[in-house]
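> fold the following.
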Amino acid sequence: MKDQLSLKNRKKQRKEIHSAQKNPVIQENPPVKIPKKIMQKRKELMDSFTRHMKIKKARHNTKNSKRTTPGIGITTTDAQPAHTHIEGVRWIKTTIKQNLAQQKILSRNGPRKK
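So this is what the prediction gives:
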């Protein structure tokens with residue numbers, strides 16, 4: 001003989017099963033408290049990391065001219081293009097012109113007295 005449940009009890013059980021399927025009970029661990037010093041160190045590390053990333057991005061995104069002077073501290077005669085290609089001839093022409101212009105300016109100003 002089967003156990004007979006009343007209609008009311010069957011409805012209750014269905015309701016409980018249905019609600020349990022909708023909202024699964026997940027037991028989460030309580031949040032672990034991290035000491036203040038460790039949190040401060042982590043913050044400092046993150047700050048330094050973001051600072052370095054900003055510097056890297058700024059360096060990457062700066063627009064460098066590819067056809068004129070190479071930059072601060074490097075003379076035009078010493079600087080050579082990283083990759084040689086067809087425009088190498090143009091690079092040589094421009095450096096020669098720049099040097100000639102510089103010589104003209106220096107000769108126009110005259111010899112300097114010490």
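
> what's the longest helix belonging to the chain packed up against?
What stands out as the longest helix in the chain, according to DSSP state H, is helix 36-61. Under the contact criterion of 3 or more CB pairs under 8 Å, 6 or more residues apart in numbering; DSSP states H and E, helix 36-61 touches no helix or strand at all. For glycine as for every other residue, the C-beta is placed from the backbone atoms N, C-alpha and C.

> in the helix or strand following that helix, what's buried?
Scanning forward in sequence from helix 36-61 by DSSP states H and E, the next helix or strand is helix 88-109. Within helix 88-109, the residues scored as buried using 16 or more other CB atoms under 10 Å are Trp91, Thr95.

> need the helix or strand of the protein with the lowest average pLDDT.
helix 7-22 (a mean of 82; mean pLDDT, DSSP states H and E).

> so what touches that one?
Leu5 (CB atoms under 8 Å, 6 or more residues apart in numbering).

> now the protein, which segments are flagged as low pLDDT?
Residues of the chain meeting the criterion pLDDT under 70: 1-4, 22-25, 65-88, 112-114.

> 50 - rerun?
1 (pLDDT under 50).

> what's near enough to touch Leu5?
Shown in contact with Leu5 (CB under 8 Å, 6+ apart): Gln13.

> where does it fall, helix, sheet strand or coil?
Here Leu5 takes the coil state, with states given by DSSP: H, G, I helix; E, B strand; the rest coil.

> just give the number of residues close to Ser19.
The burial count assigned to Ser19 is 9, neighbours taken as other CB atoms under 10 Å.

> circling back to that earlier point, export the least confident helix or strand of the chain to CSV, keeping only CA atoms.
This file holds the C-alpha atoms of helix 7-22, laid out as CSV (Å, rounded to 0.1, in the frame of the first residue of the first chain):
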residue,chain,number,x,y,z
LEU,A,7,-3.7,17.2,-1.5
LYS,A,8,-2.6,20.0,0.8
ASN,A,9,0.7,18.2,1.7
ARG,A,10,1.5,17.4,-1.9
LYS,A,11,1.0,21.1,-2.9
LYS,A,12,3.3,22.1,0.0
GLN,A,13,6.0,19.7,-1.2
ARG,A,14,5.7,20.8,-4.8
LYS,A,15,6.0,24.4,-3.7
GLU,A,16,9.1,23.7,-1.6
ILE,A,17,10.8,21.8,-4.5
HIS,A,18,9.9,24.6,-6.9
SER,A,19,11.3,27.3,-4.7
ALA,A,20,14.4,25.3,-4.0
GLN,A,21,15.1,25.0,-7.7
LYS,A,22,14.6,28.7,-8.3
